[in-house]
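**Q** just coords:
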Ligand SMILES: [Zn+2]
């Protein structure tokens, strides 16, 4: 790859300046129309590099094909996927990216809000990035490396393959999705139209990491029905649903079983909102564990706590509704271990140390895997995501492009059966 000139940085700087913040309150799709602004740019750029079938559909999804360069091939069709939107937790409007060339380890003060300082102490990964070019935002917004790093990596990879038809690979499908950050990334995805056998999301962090295991996730909606009465004449009549709900929250363990007290493979139950009043109060919970069967145990434990408290109040009733959200992609990927293995081989080929890491969350890949597209997650270098300290190493992004170029050649040596 001596002639290789990356365009990943220029692309990245362009994409992060296009506001694509998702809107968790919206019921439209995409949740914010502005996400399509980036979709349109990407389609235009894909057409410019010679990918003739690049399109954006009515929902903002971008689909494109890089044709096989192997004659009569029976190589599996591989999809690469990144999400267009950015997290609503932090502003994504007027992002001003700054490139800190040859990072020297000193604290990075963000100029538009000098109280925002990125340090090695707070972000130990940066210690390995001395000498790299680091991109940050300017202090008032997130950067949007999650997941525009992934988008830029896939775009640069596509450009490279289109310029090098001598590289042998099978058919490749490119997919950009809206609304991953609000959990709706595959809501209107046409998996038939996508027509891929295996996939990878480019949405991971640390250089050399490959994630093939996510949480399994349920939501619980608990509604407490109290007994209302006029507050002036409520003696021995009223039972306030807000108070019963509060008692339930207070009865949750303080030292375990919560996001703030767990790590690694520990699951948790987490109240996310309280809505209601005297007569009825709803508590929404999320339930997370890497082992799907454990979700049931967590839900039974929660139910036992609820029952114990509610039973103290005569006439109070409750509804306990469990909704499945997503499942650990490992359940699918374990049947096709070569999907992850090939990515590991590709990373080793370019001299990376690889790390299998687990995701304490879900990705589009969790859902895609169960829709028939086994889909682990490859690193992009995006770090401190969803915050004003978000940063990415340009060299990490370039390594991801190289990984993909190796990866499609490894796939090119394998046939479908
Ligand atoms: Zn992401």
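**A** Yep, that arrived. These figures come from a predicted structure and were not determined experimentally.
**Q** and the residue nearest the centre of this protein?
**A** residue 363 (4.1 Å; Cα atoms, centre = their mean).
**Q** dump the residue contacts of that one.
**A** By Cβ atoms under 8 Å, 6 or more residues apart in numbering, residue 363 lies in contact with 180, 201, 203, 211, 214, 329, 375, 377. C-beta coordinates here come from the backbone N, C-alpha and C atoms, glycine included.
**Q** and residue 272, by the same measure?
**A** 284, 285, 286.
**Q** assumed it was part of a strand.
**A** Yes - judged by DSSP: H, G, I helix; E, B strand; the rest coil, residue 272 forms part of a strand.
**Q** would TSV of the contacts of residue 272 with secondary structure and pLDDT be doable?
**A** Formatted as TSV, the contacts of residue 272 follow (DSSP: H, G, I helix; E, B strand; the rest coil; pLDDT from 0 to 100):
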residue	secondary structure	pLDDT
284	strand	96
285	strand	97
286	strand	96
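**Q** out of the residues you listed, which is most surrounded?
**A** residue 285 (22 neighbours; other Cβ atoms under 10 Å).
**Q** how close does that one get to the ion?
**A** 23 Å (Cβ to the ion, to the nearest Å).
**Q** just the contacts of residue 272 now: which is nearest residue 59?
**A** Residue 59 has its nearest neighbour among these in residue 286, at 25.5 Å by Cβ to Cβ.
**Q** was I right to think residue 404 contacts residue 153?
**A** Yes - taking contacts as Cβ atoms under 8 Å, residue 404 lies within contact range of residue 153: 7.1 Å.
**Q** which residues of this structure lie near the ion?
**A** Contact residues (Cβ under 5 Å from the ion) of the chain with the ion: 146, 147, 203.
**Q** secondary structure and neighbour count for the residues you listed - can I get that in TSV?
**A** Formatted as TSV, the residues of the chain next to the ion follow (DSSP: H, G, I helix; E, B strand; the rest coil; neighbours: other Cβ atoms under 10 Å):
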residue	secondary structure	neighbour count
146	helix	27
147	helix	32
203	strand	25
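**Q** closest to residue 7 out of those residues?
**A** Among the residues of the chain next to the ion, and counting by Cβ to Cβ, the member closest to residue 7 is residue 147, at 17.8 Å.
**Q** verify the stated contact: the closest one with residue 202.
**A** Yes - counting by Cβ under 8 Å, residue 147 touches residue 202, with 7.3 Å between them.
**Q** please, where are all the helices along the stretch 1-150 of the chain?
**A** 8-16, 35-48, 145-163 (DSSP state H, counting those that start in this stretch).
**Q** want to throw those helices into JSON lines with mean pLDDT?
**A** Listed next are those as JSON lines, based on pLDDT from 0 to 100:
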{"stretch": "helix 8-16", "mean pLDDT": "98"}
{"stretch": "helix 35-48", "mean pLDDT": "98"}
{"stretch": "helix 145-163", "mean pLDDT": "98"}
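**Q** so which of those helices is nearest residue 98?
**A** Taking Cβ to Cβ as the criterion, residue 98 comes closest to helix 8-16 out of those, the separation being 9.6 Å.
**Q** how far does the closest one sit from its chain's centre?
**A** Offset of helix 8-16 from its chain centre (Cα atoms, centre = their mean, to the nearest Å): 19 Å.
**Q** how many degrees apart are that helix and helix 35-48 in direction?
**A** Relative orientation of helix 8-16 and helix 35-48, computed by axes from the mean of the first three to the mean of the last three Cα atoms, to 10 degrees: 150 degrees.
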